[in-house]
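Novice: quick one, what's the 3D model for this:
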Amino acid sequence: MTATEIIQATRADGLDIALSPDGKIKVNGKRPVVDRWRLTLIEHKDEIIHLLNREPGGSVGPAPSIPPWCDPRCECFCRLEFPGLDVILGCYQEADSRQWRWSRLDKMAHCPKIESNGLRTIDSTSKEQLP
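Specialist: Numbers count the residues shown, from 1 in each chain. As a prediction, the model looks like this:
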């Protein structure tokens, strides 16, 4: 794994990786997750420090969160991962028989699939008919 791949994978596991003021790697997250990544982070320490030195503020935050109205098991949910860039979560919908529309989740306020079916989300588990 490259340092970029390690950072992306640790982010997906919910870890926050940053450089401490003295230039060491600082990892925040749940203890079992930190323990699972400890050896890999130590093995690639120099590469990770070099990569974090290039990042603004020397940190890489946790993975993007999924809005409460979105179900990641939905067939329209997608996760775009590009080397060296943040993960982008999105949703795609068939606009018509020949076109698809893709939108970033962080720019959306609701699920277009639910609304197109005449339902709206009340909370993450229940829906009600639109008036």
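Novice: what mean pLDDT does stretch 82-100 get?
Specialist: Mean pLDDT, stretch 82-100: 77.
Novice: okay, now that stretch: how far is its last residue from its first?
Specialist: 21 Å (CA to CA, to the nearest Å).
Novice: stretch 96-109: which residues count as buried?
Specialist: By neighbour count with 16 or more other CB atoms under 10 Å, stretch 96-109 contains the buried residues Leu105. Quick note: C-beta positions are derived from backbone N, CA and C, even for glycine.
Novice: what is the helix or strand encompassing Gln93 packed up against?
Specialist: Taking DSSP states H and E as the criterion, Gln93 maps to strand 88-96. Strand 88-96 makes packing contacts with strand 77-80, strand 99-104, helix 112-116 when contacts are defined by 3 or more CB pairs under 8 Å, 6 or more residues apart in numbering; DSSP states H and E.
Novice: pull out the CA atoms of it and give them to me as PDB.
Specialist: Output of strand 88-96 as PDB, limited to C-alpha atoms (Å, rounded to 0.1, in the frame of the first residue of the first chain):
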ATOM      1  CA  ILE A  88     -16.800  11.700  -2.800                       C
ATOM      2  CA  LEU A  89     -20.200  10.200  -1.900                       C
ATOM      3  CA  GLY A  90     -22.900  10.500  -4.500                       C
ATOM      4  CA  CYS A  91     -26.200   9.400  -5.900                       C
ATOM      5  CA  TYR A  92     -27.100   8.600  -9.400                       C
ATOM      6  CA  GLN A  93     -30.600   8.600 -11.000                       C
ATOM      7  CA  GLU A  94     -31.800   7.700 -14.400                       C
ATOM      8  CA  ALA A  95     -33.000  11.100 -15.900                       C
ATOM      9  CA  ASP A  96     -34.500   9.400 -18.900                       C
END
